[in-house]
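Asks: Kindly generate the corresponding structure for this input.
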Amino acid sequence: MKKLSLLLCVLLCGTLAACQAAAPAGTDAPSPGVTETAAPAQPTPTAEPSQPAIADRPAVLYIGTKAGGFREYPLEHEGELAPEALIQGIGDLTGWDLTLAEPVTDGKGGMSVCLADRSALFQGPPEPQKDEFHMYSAEQLAETILDSIQKTLQNYYVIAPGDPDNLDIWYYREGEKPLELPELGLSWPLEKPYQWASVRRG
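Replies: Residues are numbered from 1 along each chain as shown. Below is the predicted model of the structure:
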(Lines give C-alpha, C1' and ligand atoms only; values in the text may rest on other atoms or scores of the structure.)
Protein backbone atom coordinates (compact mmCIF):
# COMPACT_ATOMS: atom_id res chain seq x y z
CA MET A 1 0.00 0.00 0.00
CA LYS A 2 2.84 2.41 0.82
CA LYS A 3 4.52 1.47 -2.44
CA LEU A 4 1.31 2.21 -4.38
CA SER A 5 0.89 5.60 -2.69
CA LEU A 6 4.51 6.42 -3.42
CA LEU A 7 4.08 5.38 -7.06
CA LEU A 8 0.96 7.56 -7.45
CA CYS A 9 2.79 10.50 -5.91
CA VAL A 10 5.70 10.09 -8.35
CA LEU A 11 3.32 9.87 -11.34
CA LEU A 12 1.40 12.97 -10.19
CA CYS A 13 4.60 14.98 -9.77
CA GLY A 14 5.79 13.91 -13.22
CA THR A 15 2.49 14.98 -14.82
CA LEU A 16 2.64 18.42 -13.18
CA ALA A 17 6.24 18.89 -14.30
CA ALA A 18 5.30 18.00 -17.90
CA CYS A 19 2.46 20.56 -17.93
CA GLN A 20 4.72 23.31 -16.64
CA ALA A 21 7.33 22.51 -19.28
CA ALA A 22 4.68 22.76 -22.06
CA ALA A 23 3.76 26.32 -21.13
CA PRO A 24 6.20 29.04 -22.39
CA ALA A 25 8.33 30.49 -19.65
CA GLY A 26 7.14 33.81 -18.27
CA THR A 27 3.61 33.51 -19.73
CA ASP A 28 0.32 32.57 -18.21
CA ALA A 29 -1.96 30.15 -19.97
CA PRO A 30 -5.22 31.76 -21.09
CA SER A 31 -8.25 31.17 -18.95
CA PRO A 32 -10.79 28.70 -20.34
CA GLY A 33 -13.45 30.36 -22.46
CA VAL A 34 -11.37 33.52 -23.00
CA THR A 35 -10.17 34.26 -26.52
CA GLU A 36 -6.90 36.17 -26.78
CA THR A 37 -6.69 38.98 -29.33
CA ALA A 38 -3.55 40.69 -30.54
CA ALA A 39 -3.11 44.32 -29.59
CA PRO A 40 -3.95 46.65 -32.49
CA ALA A 41 -0.90 47.74 -34.44
CA GLN A 42 0.12 51.29 -33.69
CA PRO A 43 0.31 53.51 -36.80
CA THR A 44 3.81 54.45 -37.81
CA PRO A 45 4.24 58.21 -37.35
CA THR A 46 4.63 60.03 -40.64
CA ALA A 47 7.56 62.39 -40.74
CA GLU A 48 6.71 65.96 -41.63
CA PRO A 49 8.21 66.96 -44.97
CA SER A 50 11.33 68.92 -44.17
CA GLN A 51 12.13 72.21 -45.80
CA PRO A 52 15.31 72.30 -47.87
CA ALA A 53 18.27 73.78 -46.04
CA ILE A 54 19.46 77.15 -47.29
CA ALA A 55 22.76 75.54 -48.25
CA ASP A 56 20.92 73.19 -50.64
CA ARG A 57 18.98 75.93 -52.41
CA PRO A 58 20.11 77.62 -55.62
CA ALA A 59 21.26 81.21 -55.28
CA VAL A 60 19.71 83.76 -57.61
CA LEU A 61 20.74 87.38 -58.07
CA TYR A 62 17.89 89.78 -58.77
CA ILE A 63 18.79 92.91 -60.72
CA GLY A 64 16.20 95.63 -61.24
CA THR A 65 13.61 97.54 -59.26
CA LYS A 66 10.28 96.76 -57.64
CA ALA A 67 8.64 99.32 -59.88
CA GLY A 68 10.12 98.03 -63.13
CA GLY A 69 10.64 94.35 -62.33
CA PHE A 70 13.70 92.14 -61.85
CA ARG A 71 15.82 89.92 -64.04
CA GLU A 72 17.16 86.72 -62.47
CA TYR A 73 20.76 85.51 -62.69
CA PRO A 74 21.75 82.15 -61.15
CA LEU A 75 24.86 82.29 -58.98
CA GLU A 76 26.97 79.15 -58.79
CA HIS A 77 28.04 78.28 -55.26
CA GLU A 78 28.67 75.49 -52.77
CA GLY A 79 27.12 75.52 -49.32
CA GLU A 80 25.32 78.39 -47.67
CA LEU A 81 26.24 81.87 -48.85
CA ALA A 82 26.84 84.79 -46.53
CA PRO A 83 24.95 88.03 -47.30
CA GLU A 84 28.28 89.66 -48.22
CA ALA A 85 28.86 87.00 -50.90
CA LEU A 86 25.45 87.66 -52.48
CA ILE A 87 26.08 91.41 -52.55
CA GLN A 88 29.54 90.84 -54.01
CA GLY A 89 27.92 88.60 -56.62
CA ILE A 90 25.70 91.50 -57.71
CA GLY A 91 28.75 93.73 -57.93
CA ASP A 92 30.74 91.20 -59.97
CA LEU A 93 27.83 90.67 -62.36
CA THR A 94 26.99 94.32 -62.95
CA GLY A 95 30.41 95.91 -62.60
CA TRP A 96 29.20 98.16 -59.78
CA ASP A 97 31.41 98.71 -56.75
CA LEU A 98 29.32 97.39 -53.86
CA THR A 99 32.02 97.48 -51.19
CA LEU A 100 30.60 97.26 -47.68
CA ALA A 101 31.78 99.47 -44.85
CA GLU A 102 30.78 96.82 -42.29
CA PRO A 103 29.63 93.19 -42.37
CA VAL A 104 25.90 92.66 -42.80
CA THR A 105 24.25 92.21 -39.41
CA ASP A 106 21.09 90.38 -38.34
CA GLY A 107 18.54 91.99 -36.08
CA LYS A 108 15.21 93.79 -35.87
CA GLY A 109 13.66 90.91 -37.80
CA GLY A 110 15.88 91.49 -40.79
CA MET A 111 19.34 92.50 -42.01
CA SER A 112 21.26 95.76 -41.92
CA VAL A 113 23.53 96.74 -44.81
CA CYS A 114 26.14 99.50 -44.77
CA LEU A 115 27.63 100.36 -48.16
CA ALA A 116 31.02 102.08 -48.10
CA ASP A 117 31.46 105.68 -49.25
CA ARG A 118 33.55 104.41 -52.18
CA SER A 119 30.69 102.26 -53.47
CA ALA A 120 28.79 102.98 -56.67
CA LEU A 121 25.80 104.09 -54.60
CA PHE A 122 27.74 107.24 -53.71
CA GLN A 123 30.35 107.44 -56.49
CA GLY A 124 28.31 106.42 -59.53
CA PRO A 125 28.76 103.57 -62.00
CA PRO A 126 32.08 102.56 -63.55
CA GLU A 127 33.22 103.90 -66.90
CA PRO A 128 32.59 102.30 -69.28
CA GLN A 129 29.41 100.63 -68.04
CA LYS A 130 28.31 97.16 -69.05
CA ASP A 131 25.64 97.49 -71.74
CA GLU A 132 23.25 95.07 -70.01
CA PHE A 133 23.35 97.07 -66.79
CA HIS A 134 23.70 100.60 -68.15
CA MET A 135 22.24 103.23 -65.81
CA TYR A 136 21.10 106.55 -67.23
CA SER A 137 20.85 108.58 -64.03
CA ALA A 138 22.12 108.64 -60.45
CA GLU A 139 18.57 108.07 -59.19
CA GLN A 140 18.06 105.04 -61.42
CA LEU A 141 21.36 103.61 -60.21
CA ALA A 142 20.54 104.18 -56.53
CA GLU A 143 17.07 102.61 -56.81
CA THR A 144 18.45 99.63 -58.73
CA ILE A 145 21.31 98.98 -56.28
CA LEU A 146 19.11 99.21 -53.19
CA ASP A 147 16.18 97.24 -54.62
CA SER A 148 18.47 94.55 -56.08
CA ILE A 149 20.29 93.92 -52.80
CA GLN A 150 16.99 93.86 -50.90
CA LYS A 151 15.31 91.44 -53.31
CA THR A 152 18.32 89.11 -53.52
CA LEU A 153 18.72 88.82 -49.74
CA GLN A 154 15.00 88.36 -49.15
CA ASN A 155 14.59 85.59 -51.72
CA TYR A 156 17.70 83.68 -50.66
CA TYR A 157 17.11 83.65 -46.92
CA VAL A 158 13.31 83.23 -46.79
CA ILE A 159 12.28 79.65 -47.62
CA ALA A 160 8.83 78.90 -49.05
CA PRO A 161 6.09 79.04 -47.90
CA GLY A 162 7.47 82.09 -46.12
CA ASP A 163 6.95 85.54 -47.64
CA PRO A 164 10.28 87.11 -48.68
CA ASP A 165 8.83 90.58 -48.10
CA ASN A 166 8.65 89.78 -44.38
CA LEU A 167 12.46 89.95 -44.19
CA ASP A 168 13.17 93.64 -43.62
CA ILE A 169 16.32 95.24 -44.95
CA TRP A 170 17.81 98.34 -43.35
CA TYR A 171 20.43 100.56 -45.02
CA TYR A 172 22.65 102.94 -43.13
CA ARG A 173 25.96 104.80 -43.42
CA GLU A 174 29.11 104.40 -41.40
CA GLY A 175 28.79 105.54 -37.80
CA GLU A 176 25.18 104.32 -37.56
CA LYS A 177 24.02 107.32 -39.61
CA PRO A 178 20.87 107.29 -41.74
CA LEU A 179 21.34 106.57 -45.41
CA GLU A 180 21.22 109.87 -47.26
CA LEU A 181 21.76 110.82 -50.88
CA PRO A 182 21.69 114.62 -50.60
CA GLU A 183 22.46 115.25 -54.29
CA LEU A 184 19.18 113.45 -55.03
CA GLY A 185 17.31 114.82 -52.03
CA LEU A 186 16.76 111.28 -50.71
CA SER A 187 17.09 109.85 -47.19
CA TRP A 188 15.84 106.93 -45.11
CA PRO A 189 15.41 106.97 -41.30
CA LEU A 190 17.22 104.39 -39.20
CA GLU A 191 14.07 103.26 -37.41
CA LYS A 192 12.26 102.12 -40.54
CA PRO A 193 13.16 99.31 -42.95
CA TYR A 194 14.05 100.27 -46.49
CA GLN A 195 11.37 100.88 -49.08
CA TRP A 196 12.13 103.03 -52.10
CA ALA A 197 8.48 104.08 -52.30
CA SER A 198 8.60 105.52 -48.78
CA VAL A 199 11.67 107.67 -49.43
CA ARG A 200 11.61 111.22 -48.08
CA ARG A 201 12.72 114.01 -50.33
CA GLY A 202 14.42 117.01 -48.78
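Asks: For residue 138, list the residues it contacts.
Replies: The contact partners of residue 138, taken as CB atoms under 8 Å, 6 or more residues apart in numbering, are 124, 181, 183-184. Any C-beta I mention is one placed from the backbone N, CA and C, and that applies to glycine too.
Asks: Equivalent analysis for residue 88, please.
Replies: Contacts of residue 88 by CB under 8 Å, 6+ apart are residue 98.
Asks: give me the element it is part of.
Replies: helix 83-94 (DSSP states H and E).
Asks: give me the beta-bridge partners of residue 188?
Replies: Beta bridges link residue 188 to residue 179, judged by DSSP bridges.
Asks: go on, residue 170?
Replies: For residue 170, the beta-bridge partners under DSSP bridges are residue 112.
Asks: ok, of the contacts of residue 138, which come out buried?
Replies: Neighbour counting by 16 or more other CB atoms under 10 Å classes 181, 184 among the contacts of residue 138 as buried.
Asks: Which helix or strand contains the nearest residue to residue 178 once chain neighbours are set aside?
Replies: Spatial nearest neighbour of residue 178, excluding adjacent residues (CB to CB, 6 or more residues apart in numbering): residue 190 at 5.2 Å. If you go by DSSP H and E, residue 190 is not part of any helix or strand.
Asks: follow-up on the earlier one: would a markdown table of the contacts of residue 138 with secondary structure be doable?
Replies: Putting the contacts of residue 138 into a markdown table (DSSP: H, G, I helix; E, B strand; the rest coil) gives the following:
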| residue | secondary structure |
| --- | --- |
| 124 | coil |
| 181 | strand |
| 183 | helix |
| 184 | helix |
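Asks: For the helix holding residue 88, which residues meet the burial criterion?
Replies: In helix 83-94, counting by 16+ other CB under 10 Å, buried: 83, 86-91, 93-94.
Asks: out of these, who's nearest residue 173?
Replies: Residue 173 has its nearest neighbour among these in residue 87, at 15.8 Å by CB to CB.
Asks: Mind listing residues that contact stretch 93-111?
Replies: By CB under 8 Å, 6+ apart, stretch 93-111 touches 61, 63, 73, 82-84, 87-88, 90-91, 112-121, 123, 125-126, 129-130, 133, 141, 145, 149, 153, 157, 166-170, 173-174, 193.
Asks: So for stretch 116-136, mean pLDDT?
Replies: Computed over stretch 116-136, the mean pLDDT rounds to 96.
Asks: any low-confidence regions in this protein?
Replies: By pLDDT under 70, the weakly predicted segments of the chain are 1-55, 108, 198-202.
Asks: where exactly do the helices run in it?
Replies: Counting by DSSP state H, one finds helices in the chain at the ranges 2-22, 83-94, 120-123, 138-157.
Asks: Let me know the distance separating the closest residue to residue 152 other than its chain neighbours from residue 127.
Replies: Leaving aside its chain neighbours, residue 152 sits nearest to residue 62 (4.9 Å; criterion: CB to CB, 6+ apart). Going from residue 62 to residue 127 by CB to CB, to the nearest Å gives 25 Å.
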